[in-house]
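[1] Give me the fold of what follows.
(one chain, ligands or ions: 1)
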Amino acid sequence: MQKQLLQCLFFLLLSLSFFSSFSSLAFSLNQNRQFNEAKNYEGSSDLVDLRYHMGPVLASPMNLYIIWYGHWNPTHQSTIRDFIYSLSSQAPYPSVSDWWRTVRFYTDQTGSNITGNIILSGESFDSSYSHGSYLSRLDIQSIINTAVTNSNHRALPLNPHNGLYLVLTSSDVRVQDFCRAVCGFHYFTFPTIVGVTVPYAWVGYSGSQCPGMCAYPFAWPDYSKMPPPGAGGVGGGNVMRPPNGDAGVDGMISVLAHELAEVSSNPLVNAWYAGEDPTAPTEIADLCMGVYGSGGGGGYVGKVYKGSRGVGYNVNGVKGRKFMIQWVWNPVRRRCFGPNALD
Ligand SMILES: *[C@@H]1O[C@H](CO)[C@@H](O)[C@H](O)[C@H]1NC(C)=O
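    Numbering: from 1, shown residues only. This next block holds a predicted model:
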């Protein structure tokens, strides 16, 4: 009884603190409305109070480790890997690595810029759903712990110096707040769960659970009944087609880009963010949600490219890939920016 009560209290405290303290790509109803309202920082804004709070940024070359949780379609895995390879590879302008240049403008107090090297250094496959198919936010850390302590030879290294862990959950995995408040989040591990503090991000595959919420602009909220205004123009139909053939995975890549930009500029949630409240920071990608090209915001994706068969994209990647990823805040220009900008 007492234990139950304690547990209750514990979970209450946890949910209170975690609900507010995780730095998330939030698509709450409120923020969904952001697509339709005039919150558009694509034009320069002096109202944005993005500031540096003295903590570290990811300045060393990073080793990225992916943990594939659940059952993954190999085609989707290749798309995601190619996006990660594209971060530090050459591709025709405007490329994913050109997009990452904006992220690299952020520095720490030693003057070191965010790294241009994010190397996919290991993958682990949790296809037996080690923590079930309904995950709390904290379970994501336990999944990382499982991946680095697995007794078999496929365990990932636990790399506290320059490791970055990425947990990707498959279509059948439900995650606390996924599809209701968030599409992904980033945070750092607790030594009590993982043994060390390392930055990590989680992104869920939204293709079947909530494409309207997390696969913008390839899908849109059911209640809106209409595609985002910018989507209609591409391809002549009503829909902007995903450049890699799957709204879920192409939407996930924009969420992943968002989280990578933010975990790099605010890995311990004490570096770059706007607002006074560190438990609800507005980070460099939060400021540009829904903006993919010049003029974007307020429900219009902005000026992007139209590929064959109506696919929409704004950057090039390795192996001839195209991706559609949201812009991030450029601290020098003081506006949202991407390499496909017209000015
Ligand atoms: C590092 O950041 C500074 C300040 O934003 C910027 O002027 C410089 O161009 C950046 N260097 C690189 C390599 O991005």
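
[2] tell me the contacts of residue 245?
    Residues near residue 245 by C-beta atoms under 8 Å, 6 or more residues apart in numbering: residue 75. In this view, the C-beta of every residue, glycine as well, is placed from N, C-alpha and C.

[3] My error: substitute residue 314 in the last question.
    So residue 314 contacts 94, 292, 293, 304, 305, 323, 324, 325, 338, 340 (C-beta under 8 Å, 6+ apart).

[4] quick one: which of those is most hemmed in?
    Greatest neighbour count in the contacts of residue 314, by other C-beta atoms under 10 Å, goes to residue 292: 29 neighbours.

[5] so that residue touches residue 325, yeah?
    Yes: taking contacts as C-beta atoms under 8 Å, residue 292 lies within contact range of residue 325: 7.3 Å.

[6] List the residues that are in contact with both of these two.
    With C-beta under 8 Å, 6+ apart, residue 292 and residue 325 have common neighbours 254, 314, 338.

[7] need these in a markdown table with distance to the ligand and secondary structure, can you?
    Formatted as a markdown table, those follow (distance: C-beta to the nearest ligand atom, whole Å; DSSP: H, G, I helix; E, B strand; the rest coil):
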| residue | distance to the ligand | secondary structure |
| --- | --- | --- |
| 254 | 22 | helix |
| 314 | 20 | coil |
| 338 | 15 | coil |
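
[8] Tell me which entries of the contacts of residue 314 lie within strands.
    305, 323 (DSSP state E).

[9] could I get the contacts of residue 314 as TSV with pLDDT?
    TSV is the format used below for the contacts of residue 314 (pLDDT from 0 to 100):
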residue	pLDDT
94	98
292	97
293	97
304	97
305	97
323	98
324	98
325	98
338	98
340	98
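
[10] Return the set of residues that bridge with the closest residue to residue 95 other than its chain neighbours.
    Leaving out its chain neighbours, the residue that sits closest to residue 95 by C-beta to C-beta, 6 or more residues apart in numbering is residue 316, at 4.8 Å. The residues listed as beta-bridge partners of residue 316 by DSSP bridges are residue 95, residue 322.

[11] In contact with residue 316: list those residues for me.
    Applying C-beta under 8 Å, 6+ apart, the residues contacting residue 316 are 86, 91, 92, 93, 94, 95, 96, 322, 323.

[12] got it, and residue 255?
    25, 183, 184, 203, 206, 214.

[13] Now compare those and name the two farthest from each other.
    Taking C-beta to C-beta as the measure, those span a maximum distance of 11.0 Å, between 25 and 206.

[14] who touches both of the two?
    Counting by C-beta under 8 Å, 6+ apart, the residues touching both residue 25 and residue 206 are 183, 255.

[15] Tell me the secondary structure at residue 187.
    strand (DSSP: H, G, I helix; E, B strand; the rest coil).

[16] Strands of the stretch 51-200 of the chain, residue ranges please.
    51-52, 62-69, 118-126, 134-135, 163-169, 174-175, 182-188, 199-204 (DSSP state E, counting those that start in this stretch).

[17] Only the buried residues of the third one, if you could.
    Of the residues in strand 118-126, those buried by neighbour count under the rule 16 or more other C-beta atoms under 10 Å are 118, 119, 120, 121, 122, 123, 124, 126.

[18] Tell me the one of these nearest the ligand?
    residue 118 (14.2 Å; C-beta to the nearest ligand atom).

[19] mind showing which ranges of the protein have poor pLDDT?
    For the chain, the stretches flagged by pLDDT under 70 are 1-46, 153, 224-239.

[20] interface residues of it facing the ligand?
    Neighbours of the ligand within the chain, by C-beta under 6 Å from any ligand atom: 104, 105, 107, 113, 331, 332.

[21] Quick one, which of those residues are buried?
    Buried among the residues of the chain next to the ligand by 16+ other C-beta under 10 Å: 104, 105, 107, 331.

[22] Which two of these have the greatest separation?
    Pairwise over these, using C-beta to C-beta, the maximum falls at 104 and 331, 10.6 Å.

[23] Can you give me the end-to-end span of stretch 315-335?
    Using C-alpha to C-alpha, to the nearest Å, the end-to-end distance of stretch 315-335 comes to 19 Å.

[24] likewise stretch 318-325?
    The straight-line separation of the ends of stretch 318-325 (C-alpha to C-alpha) is 15 Å.
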